[in-house]
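Peer 1: coordinates only, sequence not included:
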Ligand SMILES: Nc1ncnc2c1ncn2[C@@H]1O[C@H](COP(=O)(O)OP(=O)(O)OP(=O)(O)O)[C@@H](O)[C@H]1O
Ligand SMILES: [Mg+2]
């Protein structure tokens, strides 16, 4: 489904992604972990070309893009495959929940208004917000805003959803409802790449954990392999410092 080959991205002489290779199969839930500045957000953003990498290949669901000679058509095709959920939701403050969800349906996919509204309401219902369709973001809790963000991502029928720390800006009381919605989407078979340090969540739904450090994925495996038995010294150190390395006994959901 996704294949990334030798992906490189630098800002000036700062090499942020240093030849990343990585594959995701259809229906997999891959969690990216790693220290601040490791390049996790940059990796997600290059996958839909919000940030342009300097070199490497990105293939998503049959669309192959070579960074060294990319066309507008390539970028458009690649973007049609993915949707992103941001840490700070990035909703339009002057649009209702429903309008935020239907924005791309109306303006990009050229749905007529009635059809867009119907789909938007279905999606809000799916994230438990059918009664908030006419509310503006300022009148929604953080957890509700993030669920609107997830409904907006679902609206474009993506092949993969990229989540960048979707719960880290939330008050603890709102984390559960967002993870719950993500869990439902995962169960429906959506392919997901999630930057998250939410251990319980990662443990319960991730099929693979990849540890990114210094611009490269230096270790990957099942959550048990990476969290209970990390092999690389840098992974061990990160998990210890982040207090994520845990004994099997602690590992109870
Ligand atoms: N637009 C930019 N211009 C210059 N440098 C950037 C830009 N975006 C990111 N960087 C740098 O690239 C590196 C990787 O940033 P990135 O945001 O991908 O890290 P991250 O792993 O997501 O970190 P965090 O856990 O703090 O979110 C950082 O050193 C950052 O300062
Ligand atoms: Mg980040």
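Peer 2: Done, it's in. Since the structure is predicted, the reported quantities are computational estimates derived from the model, not experimental observations. Ligands and ions are numbered 1, 2, ... in the order given.
Peer 1: for ligand 2, give me its nearest residue in this structure.
Peer 2: In the chain, the residue that lies nearest ligand 2 is residue 41 (3.2 Å; C-beta to the ion). Any C-beta I mention is one placed from the backbone N, CA and C, and that applies to glycine too.
Peer 1: pLDDT value on that residue, please?
Peer 2: You'll see residue 41 listed with a pLDDT of 96.
Peer 1: and what of residue 249?
Peer 2: 45.
Peer 1: and residue 142, by the same measure?
Peer 2: pLDDT at residue 142 comes out at 95.
Peer 1: on that earlier part again, setting the sequence-adjacent residues aside, check what's closest to the residue of the chain closest to ligand 2.
Peer 2: residue 164 (5.4 Å; C-beta to C-beta, 6 or more residues apart in numbering).
Peer 1: please apply the same query to residue 49.
Peer 2: Closest residue in space to residue 49, ignoring its immediate chain neighbours: residue 75 at 4.8 Å, by C-beta to C-beta, 6+ apart.
Peer 1: cool, residue 115 as well?
Peer 2: residue 105 (7.8 Å).
Peer 1: my guess is that neighbour contacts residue 157, does it?
Peer 2: No. The pair formed by residue 105 and residue 157 falls short of the contact definition of C-beta atoms under 8 Å, at 9.8 Å.
Peer 1: which one's more surrounded, the two?
Peer 2: Set residue 105 next to residue 157 and count neighbours by other C-beta atoms under 10 Å: residue 105 wins out with 23 against 11.
Peer 1: check contacts around that one.
Peer 2: Taking C-beta atoms under 8 Å, 6 or more residues apart in numbering, we find residue 105 in contact with 111, 115, 116, 119, 120, 155, 156.
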